[in-house]
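A.B. asks: would you be able to build a 3D model of this:
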Amino acid sequence: MERAQIEATVLDMVQKARGAARSLSAMPTALKNAVLLDVGAELIAQQPYILGENHKDMLAGEEKGLSAAMLERLRISEKGIQDMVQGLREVAALADPVGEVGEMRRRPSGIVVGRMRVPLGVILTIYESRPNVTIDSAALCLKAGNAVILRGGSEAIHSNLALAKVLQKVLVKHEIDPAVAQVLGFTDREGVDILLQQEAYIDLVIPRGGEGLIRAVTEKSRIPVLKHYKGVCHCFVDADADQAMAIPIIVNAKVQRPSACNALEGLLIHREIAGEFLPKVSLALKNEGVRLLGCRLSCQICTDMIEPATDSDWGTEFLGLALTVKVVSGIDEAMDYIDRYGSRHTEVIITRSYAHSQRFLREIDASAVMVNASTRFNDGGQFGLGAEIGISTTKLHAYGPMGLKELTTQKFIVYGAGETRS
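C.D. replies: The predicted structure is shown next:
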């Protein structure tokens, strides 16, 4: 497409989305839920069509030489469709945050001031590979009253457009402006660049993918971006930790799903227990196929299980079965290390000390700080949010998993009875 045509198409999309967002913000909860459930039913009805379109993407991906991992993320299976349907049902079952009113108080002037929860407006989601994000993101945005523009990767264009057709069909059936959920229908990268300049129409950009994608979006965007560059998560095992409890926590955090952003990437062990604890935890990790990269002292303690780490290993998000190990003098050195190498994602302390647990909770800067639990719990579903659209590792306007409530904001509302300001 010519640039002028791309610009015209993008401008038309964002203007329609802005107009549709106003009507969506007042949509009754029952109607939003009915739409979500009907999208699920339509996914099942259109399953042969969706799988056929996904097959086109799979064939093209194989021809392009996409990795096995990338192809697996790209694939839509019958189970994948069932998972999308289940996700839609779960979002429909969640309480609707839009319109909640709280903190009402009467001021000396006589006015009553409160706060009402309202949608953000128009959200742009940019993502790679996984076509299910098309349905997941649309569901959360719609339930939270936001219009959404979805831009998936070129490798999934047929799949995403097929899913968009399902969304649009259901919206039209319910006499809802289909502009509340739009998929960018072309793969030119210029389209993304132009979208990222539309601050007059788009309120938030949510990139979902690797660090490279998120940094590229952040550098080009004039619109606030939900940032989540990487997940470099640590666990500090304190001197008085319950060692029998610590080992399964550490193994679970590293091994259960090592490619996830909330997987453990760094293990810090108090010097007082390193000689006793490190061999035991190292053996448990090695039995799971984990490669251990350690500091000089940890290598001396476990000469046959830990290899020397290089400077570049510290603070690395391995996304696989590798883990750095460092022996520290105590909680202060552990917290200093986390401050230097962490990514503000998830940090854990294993301790029996109430004082140390409270210091760790207060002083560690991360979206989730845990005591005696696996890093793998930093997840919207596990936290009771029902679902999440991503994890924010910056503090504006949300920190941690973003569920329905995090896709809204609050405005002040005022009730008066003729009061004037003196």
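
A.B. asks: elements contacting the least confident helix or strand in the chain by mean pLDDT?
C.D. replies: Lowest mean confidence among the helices and strands of the chain (mean pLDDT, DSSP states H and E): helix 68-74, at a mean of 88. Applying 3 or more C-beta pairs under 8 Å, 6 or more residues apart in numbering; DSSP states H and E, one finds that helix 68-74 makes contact with helix 47-64. (C-beta placed from N, C-alpha, C; glycine too.)

A.B. asks: could you pull up the mean pLDDT of the helix it packs on?
C.D. replies: Mean pLDDT, taken over the full extent of helix 47-64, equals 97.

A.B. asks: ok, the nearest residue to Val183 once chain neighbours are set aside - how many residues close by?
C.D. replies: Using C-beta to C-beta, 6 or more residues apart in numbering and skipping residues adjacent in sequence, the residue nearest Val183 is Ala164, 3.7 Å away. Applying other C-beta atoms under 10 Å, we find 21 residues neighbouring Ala164.

A.B. asks: any idea how far Ala164 is from Thr316?
C.D. replies: Per C-beta to C-beta, to the nearest Å, Ala164 is found 37 Å from Thr316.

A.B. asks: for Arg105, same thing?
C.D. replies: 49 Å.

A.B. asks: pick out whichever of these two has more residues nearby.
C.D. replies: Thr316 (18 against 8).

A.B. asks: contact partners for the residue nearest to that one when sequence neighbours are not counted?
C.D. replies: Nearest non-adjacent residue to Thr316, counting by C-beta to C-beta, 6+ apart: Glu265, 6.7 Å away. Counting by C-beta atoms under 8 Å, 6 or more residues apart in numbering, Glu265 makes contact with Gly231, Val232, Cys233, His234, Thr316, Glu317, Phe318, Leu323, Thr324.

A.B. asks: the third one touches Tyr341, doesn't it?
C.D. replies: No. With contacts counted by C-beta atoms under 8 Å, Cys233 stays clear of Tyr341, the gap being 10.6 Å.

A.B. asks: so what sits against both of those two?
C.D. replies: Contact with both Cys233 and Tyr341 is made by residues Gly266, according to C-beta under 8 Å, 6+ apart.

A.B. asks: the more surrounded of the two?
C.D. replies: Cys233 (29 against 17).

A.B. asks: need the strands for the stretch 151-300 of the chain, in chain order.
C.D. replies: Counting by DSSP state E, counting those that start in this stretch, the stretch 151-300 of the chain has strands at residues 181-183, 204-208, 233-237, 264-270, 291-294.

A.B. asks: show me what counts as buried in the last one.
C.D. replies: What that stands for is strand 291-294. Across strand 291-294, burial judged by 16 or more other C-beta atoms under 10 Å covers Leu292, Leu293, Gly294.

A.B. asks: so what touches it?
C.D. replies: Everything outside strand 291-294 that qualifies as a contact, by C-beta under 8 Å, 6+ apart, is 282, 285-286, 298, 302, 305-310, 313, 321-326.

A.B. asks: just the ones in helices from these, please.
C.D. replies: Ser282, Leu285, Lys286, Ser298 (DSSP state H).

A.B. asks: could you measure from the third one over to Asp238?
C.D. replies: When C-beta to C-beta is applied, the distance between Lys286 and Asp238 equals 23 Å.

A.B. asks: more crowded one of these two?
C.D. replies: Remark: of Lys286 and Asp238, Asp238 carries more neighbours, 23 against 15, as counted by other C-beta under 10 Å.

A.B. asks: please read off the pLDDT at the more buried one from the model.
C.D. replies: The predicted local confidence for Asp238 is 98.

A.B. asks: what does Arg105 give?
C.D. replies: Per-residue confidence (pLDDT) for Arg105: 98.

A.B. asks: who's in contact with Ile413?
C.D. replies: Val101, Val113, Gly114, Arg115, Met116 are the contacts of Ile413 under C-beta under 8 Å, 6+ apart.

A.B. asks: hang on, it is in a helix, isn't it?
C.D. replies: No. Ile413 sits outside any helix when classified using DSSP: H, G, I helix; E, B strand; the rest coil, being strand.

A.B. asks: okay, and the beta partners of it?
C.D. replies: Here Ile413 sits in beta bridges with Gly114, going by DSSP bridges.

A.B. asks: from His397, how far out is it?
C.D. replies: 19 Å.

A.B. asks: same deal with Gly145?
C.D. replies: Note on Gly145: its distance to His397, by C-beta to C-beta, is 16 Å.

A.B. asks: looking at those two, which one has more neighbours?
C.D. replies: Gly145 (27 against 14).

A.B. asks: what are the phi and psi angles of that one?
C.D. replies: phi 80, psi 20 (degrees, to the nearest 10).

A.B. asks: spit out the contact partners of it.
C.D. replies: Ala21, Leu24, Ser25, Met27, Lys32, Val98, Val118, Pro119, Thr408.

A.B. asks: pretty sure the first one belongs to a helix, no?
C.D. replies: Yes. For Ala21, which was evaluated using three-state DSSP, the result is membership in a helix.

A.B. asks: count of residues packed around the residue lying closest to it once chain neighbours are set aside?
C.D. replies: Of all residues not flanking Ala21 in the chain, Ala147 sits nearest, at 4.0 Å (C-beta to C-beta, 6+ apart). By other C-beta under 10 Å, the residues close to Ala147 number 32.

A.B. asks: check Ala147 and give its pLDDT.
C.D. replies: Looking at Ala147, its pLDDT is 98.

A.B. asks: need the contact list for it.
C.D. replies: Ala17, Arg18, Ala20, Ala21, Leu24, Gly121, Val122, Ile123, Cys141, Ala179, Val180, Ala181.

A.B. asks: highest neighbour count among these?
C.D. replies: When neighbours are counted by other C-beta under 10 Å, Ala181 leads the contacts of Ala147 with 30 neighbours.

A.B. asks: show me what that one bridges to in the sheet.
C.D. replies: What pairs with Ala181, by the bridge criterion (DSSP bridges), is Val148.

A.B. asks: and if you look at Val118?
C.D. replies: Under the criterion used (DSSP bridges), Val118 bridges to Thr409.

A.B. asks: from Tyr399, how far off is it?
C.D. replies: Plainly put, Val118 is 20 Å away from Tyr399 if you go by C-beta to C-beta.

A.B. asks: my guess is Val91 contacts Val39. True?
C.D. replies: No. Contact criterion C-beta under 8 Å: Val91 and Val39 do not qualify, at 10.1 Å.

A.B. asks: got any residues that touch both of those two?
C.D. replies: Ala139.

A.B. asks: right, I'll call it a day here.
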